[in-house]
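Participant: Could you look at this predicted model? Sequence included:
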Amino acid sequence: MIFDLHCHSSFSDGVLSPEDLLARAKERGVSVLAITDHDTIAGVSIAHKAAVTLGLQLIPGIEFSSQWGKGGVHIVGLGVDINSPELQAAVNFQEQARAARSLAIGERLAKLGFPDALAGAQKLAGSGTLGRPHFAQYLVDVGAVKNINAAFKRYLGTGKSADVKYQWPAMEQVIHWIHASAGVAVLAHPAKYELTRMKMCALIDSFAAAGGDAVEVISGQQSTAMTQDLAKIVNARGLYASCGSDFHAPGQAWQELGSFGVLPDTLKPVWNLLGFK
Ligand code: MN
Ligand code: MN
Ligand code: MN
C-alpha cells in the first residue's frame with residue numbers, strides 16, 4: 001500500500017482540483033491520500049465523494065504555517081475532524097493572518113512601483129489561499145522579473161524590499177489546534193528549512209517537546225542517505241514517521257504523487273495512529 005500523506009489542491013497553491021488530484025493519485029497507485037492544503041480544509045471537505053467513487057482512502061489533512069525562532073516551519077495535521085469548531089477557528093485565525101500579511105506585501109510592492117500587485121495576486125489565487133507565490137507570479141506576468149525564483153530573490157524573499165516580517169503561531173499553538181480536532185501533528189519536510197543538521201535536530205526536539213507526534217522522514221524525491229539519517233533522528237526520539245510527495249503540480253518529478261521511497265521498517269509509521277496497520 002502506498003500512503004501519500006502530503007499534497008496540495010487548487011484550494012491552496014496546488015493546480016489540480018481535489019477531484020483531479022484524487023484521480024491522479026489513484027492512477028499512480030496511491031491507496032491512501034491525505035490532502036494537506038496550506039491553512040485550509042476547503043479542498044478536503046469537497047473531496048470525500050470523489051474518494052469513495054474512486055475507491056481511494058482519503059485522510060483529511062491540513063498544512064499549518066508555524067513559527068520556530070526567526071523562521072517559518074510547517075506542521076501537517078492528519079486525520080483532523082473537519083467539523084471541529086477548534087479547527088474552524090484555527091483556519092479563520094490563519095486566514096486573517098495571511099490576509100493581513102498579503103495586504104502589507106501589496107503595500108510594499110505598490111511603493112516599489114507595482115500599484116496593482118495585490119489585486120493581481122488575488123486574481124491569480126482565485127478561490128485558493130493567497131500567498132507569496134501569487135505575488136511572485138504576478139511580478140513574472142508583468143515582466144518585472146524573469147521567473148518565480150527571481151521574484152523571491154529580488155522582492156519577496158527574506159530581507160528583500162517586499163519581505164513582510166510575520167510571526168506565525170508557535171508550534172505549541174498549532175499542535176494544540178491539531179490535537180483539539182482529533183488529528184495527529186506531523187513536522188513537515190524538516191530537511192527543507194535550510195538548517196544545519198544540529199539546528200534541524202534542535203527543531204525536531206522543540207517539536208517533540210511541544211507535543212508533536214510524527215516527522216516526515218520522506219518528502220518527495222530525496223537521497224537514501226537523507227532518509228536514513230532522518231530515520232535515525234526520529235527513532236532516537238521515539239517519534240512516528242510520515243511520508244508524502246508534497247505534490248503541487250504535474251510535471252514536477254521531484255514531488256509527484258506516490259513517487260518517493262519506502263519508509264525504513266525500523267520506523268513506527270504514522271498511519272498506525274490513523275487506524276491503518
Ligand atoms: Mn505549497
Ligand atoms: Mn511545506
Ligand atoms: Mn506542502
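Facilitator: The structure has been received and is ready for your questions. Ligands and ions are numbered 1, 2, ... in the order given.
Participant: where are the low-confidence patches of the stretch 101-250 of the chain?
Facilitator: For the stretch 101-250 of the chain, no stretch has pLDDT under 70.
Participant: Verify the contact between residue 5 and residue 186 for me.
Facilitator: Yes - proximity of residue 5 to residue 186 meets the contact threshold set by C-beta atoms under 8 Å, at 7.4 Å. Every residue, glycine included, has its C-beta placed from N, CA and C.
Participant: neighbours around residue 167, how many?
Facilitator: Residue 167: 9 surrounding residues under other C-beta atoms under 10 Å.
Participant: which residues are in contact with both of residue 5 and residue 186?
Facilitator: Shared contacts of residue 5 and residue 186, defined by C-beta atoms under 8 Å, 6 or more residues apart in numbering, comprise 76, 78, 216, 242, 270.
Participant: I'd assumed the third one was in a strand, is it?
Facilitator: Yes - checked against DSSP: H, G, I helix; E, B strand; the rest coil, residue 216 lies within a strand.
Participant: From residue 217, how far out is the nearest residue to it once chain neighbours are set aside?
Facilitator: Leaving out its chain neighbours, the residue that sits closest to residue 216 by C-beta to C-beta, 6 or more residues apart in numbering is residue 242, at 4.8 Å. As defined by C-beta to C-beta, to the nearest Å, residue 242 lies at a distance of 7 Å from residue 217.
Participant: swap in residue 34?
Facilitator: From residue 34 to residue 217 the distance is 15 Å (C-beta to C-beta).
Participant: Also residue 154?
Facilitator: Separation of residue 154 from residue 217 (C-beta to C-beta): 35 Å.
Participant: who has more neighbours, those two?
Facilitator: residue 217 (30 against 17).
Participant: Next up, the contacts around residue 22.
Facilitator: Here residue 22 is in contact with 33, 47, 50-51, 54, 56, 58 (criterion: C-beta under 8 Å, 6+ apart).
Participant: From ligand 2, how far off is residue 214?
Facilitator: 15 Å (C-beta to the ion, to the nearest Å).
Participant: any chance you could map the strands in the chain?
Facilitator: Secondary structure of the chain by DSSP state E: the strands cover 3-4, 32-35, 57-68, 71-78, 184-187, 214-219, 240-244.
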